[in-house]
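[1] what follows is a protein structure lacking sequence information:
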């Protein structure tokens, strides 16, 4: 067996394993959501639950009153603007740091950045799958994947065809 053929076989197996694991995760999330719904309905039947709901409504009323007062407070508005500025600076700095860390890992292959002789930080590179997008299906697409792609519970009822042509 040639190396290229072996790589293609392993690639296909890995894709199949990722797909199966992703489908299992979707099933587990759906089952958990159903159980949480059942739990909520069960708890709602108790008087204490109704009392808590009333207290929550009172809290929401007080929050609305506080927000109305704070919207008129210039000092509060200035502090919130400062906080937003800090949040943006932090987000920008995280993005820059992420770029440097990925470059470090790519260039050196090392799993740690040493600041000095005794201090360092572990390099953590994460990965996750994005949202499921509908591609034009092929004859190799397993039936269970096709069923999931058309399932109302996954929210993928509208086709989203991905095409490489510019027409």
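    All right, it came through fine. The structure presented is a predicted model; accordingly, all values stated were derived computationally and were not measured.

[2] so for residue 116, what's the pLDDT?
    pLDDT recorded at residue 116 is 84.

[3] dihedrals phi and psi, it?
    Main-chain torsions, residue 116, degrees, to the nearest 10: phi -160, psi -160.

[4] so what's it up against?
    Applying CB atoms under 8 Å, 6 or more residues apart in numbering to residue 116 gives no contacts. All C-beta spots, glycine's among them, are computed from the backbone N, C-alpha and C.

[5] and for residue 53?
    Residues near residue 53 by CB under 8 Å, 6+ apart: none.

[6] I'd like the numbering to begin with 51 instead of 1 from here.
    In the new numbering, first residue 51, that becomes residue 103.

[7] mind checking how far it is from residue 75?
    Distance, residue 103 to residue 75, using CB to CB, to the nearest Å: 33 Å.

[8] same check on residue 97?
    38 Å.

[9] with neighbour numbers in mind, choose between the two.
    Relative neighbour count places residue 75 above the other of residue 97 and residue 75, with 11 against 7, counting by other CB atoms under 10 Å.

[10] helix/strand/coil for residue 163?
    strand (DSSP: H, G, I helix; E, B strand; the rest coil).

[11] can you tell me the SS state at the residue lying closest to it once chain neighbours are set aside?
    Counting by CB to CB, 6 or more residues apart in numbering, residue 171 is the residue found nearest to residue 163 once chain neighbours are left out, at 5.4 Å. Using three-state DSSP, the structure places residue 171 in strand.

[12] residues contacting residue 171?
    Residue 171 sits next to 162, 163, 165 when contact means CB under 8 Å, 6+ apart.

[13] got phi/psi on the last one?
    Main-chain dihedrals, residue 165, degrees, to the nearest 10: phi -80, psi -40.

[14] residues contacting it?
    Going by CB under 8 Å, 6+ apart, residue 165 touches residue 171.

[15] next one: the first one
    With contacts defined as CB under 8 Å, 6+ apart, residue 162 is in contact with 170, 171, 172, 173.

[16] give me that answer again for 10 Å
    154, 170, 171, 172, 173 (CB atoms under 10 Å, 6 or more residues apart in numbering).

[17] so how far is residue 175 from it?
    In terms of CB to CB, residue 162 sits 12 Å off from residue 175.
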